[in-house]
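K.L.:
Okay, here's the prediction I keep looking at, along with the sequence it came from:
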Amino acid sequence: MMETKQTALQARKLQEVHAQKVKELLRLPENKKCFDCPIKSPFFVNVTLQTFICSRCSGLIREVGHRVKSISVSTFTGPEILALEMGGNGVASTIWLHGFNAKSTPEPDTDTEVREFMRQKYYDQKWLLRDLWIDHDKSVKRCIDELFDEDGLPKPTFTKQRRPSSQIAIAPPKTKHVPAPLTLLPVPASPPAIKTAPLHFTSAHQPPPIMATSPPPQGESPVEQK
Ligand SMILES: [Zn+2]
């Protein structure tokens, strides 16, 4: 029971963190204008392309088949936030508007013009830098796979890596009962099989930061090797 309660609490906290993150991303200069029209202050996220768009375009883009979420109403998953951090209107512009000449082409204004602009952009893919799109999509997926499980929850290794290293370094080597408040998933009881070196160094050599860089507990392969 405790666990369920705690998980629900942690999930809520995570949602708050995600909402905060979206707001931070929204404050970036490249995200202050709708990706599909000149309207400022977008309040929606195109989850399919990881762009920030206005209310009007959030309706129009659904016609193209893209998924949209309202920033004020929706909740965002960890993978969605990560993708949004890696994307945004700046990256999307490089991908979808490569060679687009904003000077010679008037920005779409009316709904009809926006629809036409979207058609050229997403159906005709008139300005699409396809290779970059594929590369970007791949790296986003790879990062998500590395950091999140199938349910979109951070993998335990991820939470461990995110823990400030100083916190780990100062932990006495013997403590087996350090509470792990950051883990979201039930963690197996076995502690990491890490032995810290004795602390009586006499040589001038700096001991390597064993705790901070050692691989995750047994049974888990390091993220990089995947
Ligand atoms: Zn718009």
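P.N.:
Perfect, thanks for sending it. Residues are numbered from 1 along each chain as shown.
K.L.:
and the gap between T94 and E116?
P.N.:
Separation of T94 from E116 (Cβ to Cβ, to the nearest Å): 22 Å. (Each C-beta comes from the backbone N, C-alpha and C, glycine too.)
K.L.:
which parts of the protein sit against the ion?
P.N.:
Contacts of the chain with the ion, taken as Cβ under 5 Å from the ion, map to C34, D36, C37, I39, C54, C57.
K.L.:
Which ones among the residues you listed map onto helices?
P.N.:
If you go by DSSP state H, the residues of the chain next to the ion have C57 in helices.
K.L.:
Now the two most distant members of the residues of the chain next to the ion.
P.N.:
D36 and I39 (8.8 Å; Cβ to Cβ).
K.L.:
Can you check which residues contact both of the two?
P.N.:
Taking Cβ atoms under 8 Å, 6 or more residues apart in numbering as the criterion, D36 and I39 both touch C54, C57.
K.L.:
Please say which of those two ends up with more neighbours.
P.N.:
D36 (31 against 17; other Cβ atoms under 10 Å).
K.L.:
Now that that one has come up, it's in contact with E113, right?
P.N.:
No. If you go by Cβ atoms under 8 Å, D36 and E113 don't touch, sitting 10.5 Å apart.
K.L.:
All the strands of the protein, residue numbers only.
P.N.:
44-46, 51-53, 68-70 (DSSP state E).
K.L.:
Now mean pLDDT and distance to K121 too, for those, in a markdown table please.
P.N.:
Putting these into a markdown table (pLDDT from 0 to 100; distance: least, Cβ to Cβ, whole Å) gives the following:
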| stretch | mean pLDDT | distance to K121 |
| --- | --- | --- |
| strand 44-46 | 98 | 12 |
| strand 51-53 | 98 | 11 |
| strand 68-70 | 97 | 16 |
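K.L.:
Pick the most buried one from those strands.
P.N.:
strand 51-53 (a mean of 28; mean count of other Cβ atoms under 10 Å).
K.L.:
Show me what that strand pairs with in its sheet, parallel or antiparallel.
P.N.:
Counting by DSSP bridges, the strands paired with strand 51-53 are strand 44-46 (antiparallel).
K.L.:
Just checking, which helix or strand of the protein averages the lowest pLDDT?
P.N.:
helix 210-213 (a mean of 40; mean pLDDT, DSSP states H and E).
K.L.:
can you pull out the helices in this protein?
P.N.:
Counting by DSSP H, the chain has these helices, from start to end: 2-26, 55-63, 78-86, 89-96, 111-118, 130-147, 156-162, 165-169, 210-213.
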